[in-house]
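> quick one, what's the 3D model for this:
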Amino acid sequence: MRAVLDTNVVVSALLWGGTPDRLIQATIDGALELATSPALIDELREVLARPPLASRLTQERMRAEQAVSLYARLATQVSPLAIEKIVTADPDDDEVLACAIAARADLVVSGDRHLTALKTHRGIRILTPAQALDIVAGG
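Got it, this is the predicted structure:
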């Protein structure tokens, strides 16, 4: 099963653990394949450099670039094409959908209500981390 994790899910996994981190662990265990794109990696880098998150990374004894590199090694990078505007309230979310299309993902995993409200896009299910973990775990 292939998934694209929205940046908010990756940040949660890296900094706070919990369900998002269990999705990362499922990737390490081979139960899930992750895909990302240069735009999503750039967004992750930018978000992790923000002062409150950078401070949290420091507490975890990690720098933003180390965290980005760790995630980039776990996920297959794809080069998405531009897509039509889908999420008008948050155009950055279109990057997640474009990545999922390019990766031929089964799932998009997000905590963003703009994305989760869609439920599906081009046959790709859009789920919360808890919903995705349930599917990956065979529930």
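
> elements contacting the host helix or strand of residue 57?
Here residue 57, judged by DSSP states H and E, is contained in helix 51-59. Contacting helix 51-59 under the criterion 3 or more Cβ pairs under 8 Å, 6 or more residues apart in numbering; DSSP states H and E are the following elements: helix 7-16, helix 38-48, helix 64-74. In this view, the C-beta of every residue, glycine as well, is placed from N, C-alpha and C.

> highest average neighbour count across those?
Ranked by mean neighbour count, the helices and strands packed on helix 51-59 are led by helix 7-16 with a mean of 22 (mean count of other Cβ atoms under 10 Å).

> tell me what that helix is packed against?
Contacts defined by 3+ Cβ pairs under 8 Å, 6+ apart place helix 7-16 against helix 18-28, helix 38-48, helix 51-59, helix 64-74.

> could you dump the ones you listed into TSV with distance to residue 109 and mean pLDDT added?
Converted to TSV, the helices and strands packed on helix 7-16 look like this (distance: least, Cβ to Cβ, whole Å; pLDDT from 0 to 100):
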stretch	distance to residue 109	mean pLDDT
helix 18-28	6	97
helix 38-48	12	96
helix 51-59	19	87
helix 64-74	13	94
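
> and of those, who's closest to residue 122?
helix 38-48 (17.6 Å; Cβ to Cβ).

> what about the closest one, distance to the chain center?
10 Å (Cα atoms, centre = their mean, to the nearest Å).

> now stretch 114-131
On Cα atoms, centre = their mean, the centre of stretch 114-131 falls 12 Å from the chain's centre.

> may I have the helix holding residue 57 as CSV, with CA atoms only?
This file holds the C-alpha atoms of helix 51-59, laid out as CSV (Å, rounded to 0.1, in the frame of the first residue of the first chain):
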residue,chain,number,x,y,z
PRO,A,51,11.1,28.7,15.8
PRO,A,52,8.7,26.7,18.0
LEU,A,53,9.3,23.5,15.9
ALA,A,54,13.0,24.1,15.7
SER,A,55,13.1,24.3,19.5
ARG,A,56,11.2,21.1,19.8
LEU,A,57,13.7,19.4,17.4
THR,A,58,16.5,20.7,19.5
GLN,A,59,14.9,19.0,22.5
